[in-house]
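Visitor: Model the structure of this input:
(one chain, ligands or ions: 1)
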Amino acid sequence: MIDEIFKIFSEINNLKASNPEEFEALRIKYLSKKGIINSLMSEFRTVPPEQKKEVGQQLNKLKSTLQDRLNELKENIAETDVQSKEIDLSRTSYPIPLGTRHPLSLIKEEINSIFKRLGFSIAEGPEIEDDWHVFSSLNFAEDHPARDMQDTFFIQRNPEVVLRTHTSSVQTRVMEKTQPPIRIICPGRVYRNEAISARAHCFFHQIEGLYIDKNISFADLKQALLFFTKELFGKDTQIRLRPSYFPFTEPSAEMDISCHICGGKGCNICKYTGWVEILGCGMVDPAVLDNCGIDSNIYSGYAFGMGIERIAMLKYQINDIRLFFENDVNFLNQFQSAF
Ligand code: PHE
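Guide: Down below sits the predicted model:
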């Protein structure tokens, strides 16, 4: 038996395992219940008493040397495993998922870039406003319904602090500080106290435009809006101006575009009229210019304003405004290649 033990001793240094399977095979061979060490242990009973001491010592030594060697092999495997993971150049890379831009940002950027090409620059202002900038400077009568709690979110009553209901307030701020020529667009979030539905939300986004200089006429307004429409909806799109009313413009109009879905023939998007309304506009009321320190005898100007959600809904055929604000990735991912 002692010969057998020495024979195994001589093998120990040559034991090799380059992967977990080979290691497991060695462990089973030597150290498992039915392995060589255990069978030597059971054979030990048959060793003559005078040899028991020496054989016993050697057997214990063999067992611990084997255990040490196997532990060493195990560590080597773990190490090469980590190394090989670090330098495996052949492994295919994980695809990096691309984020998407929000459809409202896409449309806002597109509208901004069209007006920038016409020489407009961007102006921004606060969402929390006072009565003067949202209403009074813009000619809203004391009893105008927009000033009502039904339409406006009040933060404070006296003096009045409100969430702006349109970004015309930014135009007032610019006119107060700047003498013409003024050529700005004002993108931003606005708030209205409306019941949330598929068509309306208590907050949404607008882009309003203002151009003030000497000799600005309604023809300039019409031409700028026609250019804008063709850029955004395609060169065959037509516009139609209908008389309307806003406190801060005179004359005022609402602009329709020929339905880009049916080309004007009639469909459910345009409610079978061939036209869809997209913005309000008009010549700035001289009283508004005077309110802001601009001489209405010298200068005139036009203004327009549109809802970004409405344009995005038309352009992408989205039928529920709430989708813009729900952060549903299934909705947002559809705009991956939009720009
Ligand atoms: N401020 C108007 C609105 O919020 C839009 C508008 C702007 C209309 C400028 C005419 C001129 O509905």
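Visitor: Quick check: chain neighbours aside, which residue is closest to the residue of the stretch 201-339 of the chain found nearest the ligand?
Guide: Closest residue of the stretch 201-339 of the chain to the ligand, Cβ to the nearest ligand atom: residue 305 (2.8 Å). In this view, the C-beta of every residue, glycine as well, is placed from N, C-alpha and C. Excluding the flanking residues, the one nearest residue 305 by Cβ to Cβ, 6 or more residues apart in numbering is residue 208, at 3.8 Å.
Visitor: Just say helix, strand or coil for the one you found.
Guide: When classified by DSSP: H, G, I helix; E, B strand; the rest coil, residue 208 comes out as strand.
Visitor: okay, it: pLDDT?
Guide: Confidence at residue 208, expressed as pLDDT, is 97.
Visitor: How about residue 338?
Guide: Residue 338 is given a pLDDT of 56.
Visitor: Same check on residue 240?
Guide: 96.
Visitor: On the three-state scheme, it is what?
Guide: When classified by three-state DSSP, residue 240 comes out as strand.
Visitor: bridging residues for it?
Guide: residue 256 (DSSP bridges).
Visitor: Was I right to think it contacts residue 256?
Guide: Yes: assessed by Cβ atoms under 8 Å, residue 240 is found in contact with residue 256 at 4.5 Å.
Visitor: Quick check: residues of the stretch 101-250 of the chain near the ligand?
Guide: 166, 168, 208, 246, 249 (Cβ under 6 Å from any ligand atom).
Visitor: Of these, which belong to strands?
Guide: Under the assignment DSSP state E, those contribute 208, 246, 249 to strands.
Visitor: the strands in this structure, which residues?
Guide: Using DSSP E, strands in the chain cover 121-122, 128-130, 154-156, 161-163, 182-191, 203-213, 239-246, 249-258, 275-284, 300-307.
Visitor: Give me the sheet partners of the fourth one and which way each runs.
Guide: To tie it back to what came earlier, the one meant is strand 161-163. strand 128-130 (antiparallel), strand 154-156 (antiparallel).
Visitor: So which of the ones you listed is the most surrounded?
Guide: strand 128-130 (a mean of 18; mean count of other Cβ atoms under 10 Å).
Visitor: List of residues touching that one?
Guide: Surrounding strand 128-130, the residues in contact under the criterion Cβ atoms under 8 Å, 6 or more residues apart in numbering are 155, 159-164, 169.
Visitor: Turn these into TSV, columns for pLDDT.
Guide: Formatted as TSV, the contacts of strand 128-130 follow (pLDDT from 0 to 100):
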residue	pLDDT
155	93
159	88
160	90
161	94
162	94
163	96
164	96
169	96
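Visitor: Of the residues you listed, which is the nearest to residue 22?
Guide: residue 163 (71.5 Å; Cβ to Cβ).
Visitor: Bridged to the closest one, which residues?
Guide: So, taking DSSP bridges as the rule, residue 163 has residue 128 as bridge partners.
Visitor: when you give positions from now on, start the count at 53
Guide: Happy to do that; since the first residue is 53 now, the last one works out to residue 215.
Visitor: so who does the residue of the stretch 53-202 of the chain found nearest the ligand touch?
Guide: Closest contact between the stretch 53-202 of the chain and the ligand, by Cβ to the nearest ligand atom, is at residue 190 (8.0 Å). Shown in contact with residue 190 (Cβ under 8 Å, 6+ apart): 220-221, 224, 299-300, 340, 343.
Visitor: give me that answer again for 6 Å
Guide: Going by Cβ atoms under 6 Å, 6 or more residues apart in numbering, residue 190 touches 220, 300, 340.
Visitor: Counting neighbours, what do you get for the nearest residue to it once chain neighbours are set aside?
Guide: If the residues on either side of it in the chain are set aside, residue 190 comes closest to residue 300, at 4.0 Å by Cβ to Cβ, 6+ apart. Burial of residue 300 is recorded as 23 neighbouring residues (other Cβ atoms under 10 Å).
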